[in-house]
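# I would like to see how this sequence folds:
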Amino acid sequence: FQVKSENEKTIWNTEEVPEGSEFDDTWDPREKPEYEISFKQQVGTEDVFFGMTGKDPSTACCEDIVIKIKLPETKYSDITLDIQDKVLDLRTPKKKLLLHLPYPVNIKEGRARFLSDEEILEVTLRVSRKFDFINSS
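Residues are numbered from 1 along each chain as shown. Below is the predicted model:
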């Protein structure tokens with residue numbers, strides 16, 4: 001099975017290149033920082049007590065992805081953060097993190113804050129999902 005490309009000189013099709021690979025640099029000597037991914041969902045009394053909306057504790061029912069990245073000895077002004085639909089790219093003078101996200105996110109609804117006392121960058125990203133019986137809002 002061979003796929004014909006539009007240009008005969010290309011060695012692969014654009015569909016074969018994984019999303020976010022343009023950010024990957026295997027020769028970059030910077031250290032990868034420690035990070036933690038957690039999921040957050042908004043629930044009300046109709047969810048907690050009555051189970052009316054059908055939400056459960058799984059990630060399929062979560063609205064936000066929260067990523068906490070430890071950046072010791074880093075100033076807020078040294079942080080460069082680029083977020084695409086499924087990729088988070090963080091760079092500082094000493095650290096570099098290329099993170100493929102588990103779900104597509106809405107880049108316009110994300111926010112980040114730097115907790116200077118704890119030296120942690122907290123990035124909250126809104127998950128972009130298709131509407132279904134669970135995710136109706």
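
# Grab the CA positions of stretch 91-109 and hand them over as CSV.
Taking C-alpha atoms only, stretch 91-109 is exported to CSV below (Å, rounded to 0.1, in the frame of the first residue of the first chain):
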residue,chain,number,x,y,z
ARG,A,91,10.5,27.2,27.8
THR,A,92,12.7,28.9,30.4
PRO,A,93,16.4,29.5,30.3
LYS,A,94,17.0,26.3,32.3
LYS,A,95,13.9,24.2,31.6
LYS,A,96,11.9,23.0,28.6
LEU,A,97,8.6,21.1,28.5
LEU,A,98,6.8,19.8,25.5
LEU,A,99,3.6,18.2,26.7
HIS,A,100,1.0,16.5,24.4
LEU,A,101,-2.3,17.1,26.1
PRO,A,102,-4.8,14.2,26.6
TYR,A,103,-7.7,16.2,25.2
PRO,A,104,-8.0,19.1,22.8
VAL,A,105,-8.3,22.4,24.6
ASN,A,106,-9.8,25.8,23.8
ILE,A,107,-6.8,28.1,23.7
LYS,A,108,-8.9,31.3,24.1
GLU,A,109,-10.3,30.2,27.5
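
# I'd like to know the average pLDDT value across that stretch.
Mean per-residue pLDDT for stretch 91-109: 92.

# So which bits of it are buried?
Applying a neighbour-count criterion of 16 or more other CB atoms under 10 Å, one finds 91, 92, 95, 96, 97, 98, 99, 101, 105 buried in stretch 91-109. (C-beta placed from N, C-alpha, C; glycine too.)

# how about the nearest residue to the first one, chain neighbours excluded?
Across the structure, with CB to CB, 6 or more residues apart in numbering as the measure, the residue nearest residue 91 apart from its sequence neighbours is residue 80 (4.6 Å).

# quick one: the one you found from residue 13, how far?
Counting by CB to CB, to the nearest Å, the gap from residue 80 to residue 13 is 31 Å.

# Ok, residue 127 next?
From residue 127 across to residue 13, the span is 29 Å (CB to CB).

# Name the residue in those two with the higher neighbour count.
Applying other CB atoms under 10 Å to residue 127 and residue 13 shows that residue 127 carries more neighbours, namely 21 against 12.

# In the chain, which residue is most central in space?
residue 101 (3.9 Å; CA atoms, centre = their mean).
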